[in-house]
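In: Sequence first, then the predicted structure:
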Amino acid sequence: MLSEDSPEVDPVLQTAVREIEAHAAEAGWDQPSRLYALVPTADLLAREPVLAAAMGLDESSAAGSLTPVEQDQMPAEQTLEQTLGQIMWPAEVFGCAAVVERFVLPPGADEQIPQDPAAAEQFAVAHPERQEVRIVAGATRDGSTYCALRLKSHDDDLSVVESPDLVPALLELLLGTLEQ
């Protein structure tokens, strides 16, 4: 449910994020981070008609939709956040989305987290109240954003939390990759 203060939802981006979240859920947990270019399906149909036909796309299904195109596997030596800081998408890419699994800690644990990144990671892994989450965040060149979050402890489609501004820091990084 959105509050009156929440940004408006872009239904095209929402659909793309939901599609990516469903795909990630099928793959299961403990997956590496993934990055997707979001291209207008009509553009894909025009540029790659053979690929579009293989995907079962036609002009009616292409109208007003985005097709997620998974990028090569992320560099193992970098975090998703580091990788996003180095990416600039070409003009043909209207948006992008990322899938990442993280640990979240309960309120109040922030004061106990060590400053050292390696020690902070170990602290989170060992924390008895940690929750594992999968986040799918998407952004478009027009500034629309959307997120879907699934808890490992509540791993069912009805428990996915969605919002246009659920993970602001990740959304800011994604938007930064789309700036000219």
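Out: Right, received. Where do you want to start?
In: Need the pLDDT of the closest residue to W29 other than its chain neighbours.
Out: The shortest distance from W29 to any non-neighbouring residue, by Cβ to Cβ, 6 or more residues apart in numbering, is to K152 (5.8 Å). The way it works is simple: take the backbone N, C-alpha and C, and place the C-beta from them, glycine included. pLDDT recorded at K152 is 94.
In: residues near K152, how many?
Out: Counted with other Cβ atoms under 10 Å, the burial measure for K152 works out to 13 neighbours.
In: How about E81?
Out: When counting by other Cβ under 10 Å, one arrives at 13 neighbours for E81.
In: The one 5 residues further on now?
Out: Using other Cβ under 10 Å, the number of residues around Q86 comes to 9.
In: where's it relative to P49, distance?
Out: The span separating Q86 from P49 equals 32 Å under the rule Cβ to Cβ, to the nearest Å.
In: and what of A27?
Out: When distance is defined by Cβ to Cβ, A27 is 29 Å away from P49.
In: which residues touch E101?
Out: Neighbour list for E101: W29, D30, Q31, S33, E132, V133, R134, I135 [criterion: Cβ atoms under 8 Å, 6 or more residues apart in numbering].
In: Cool, thanks, signing off.
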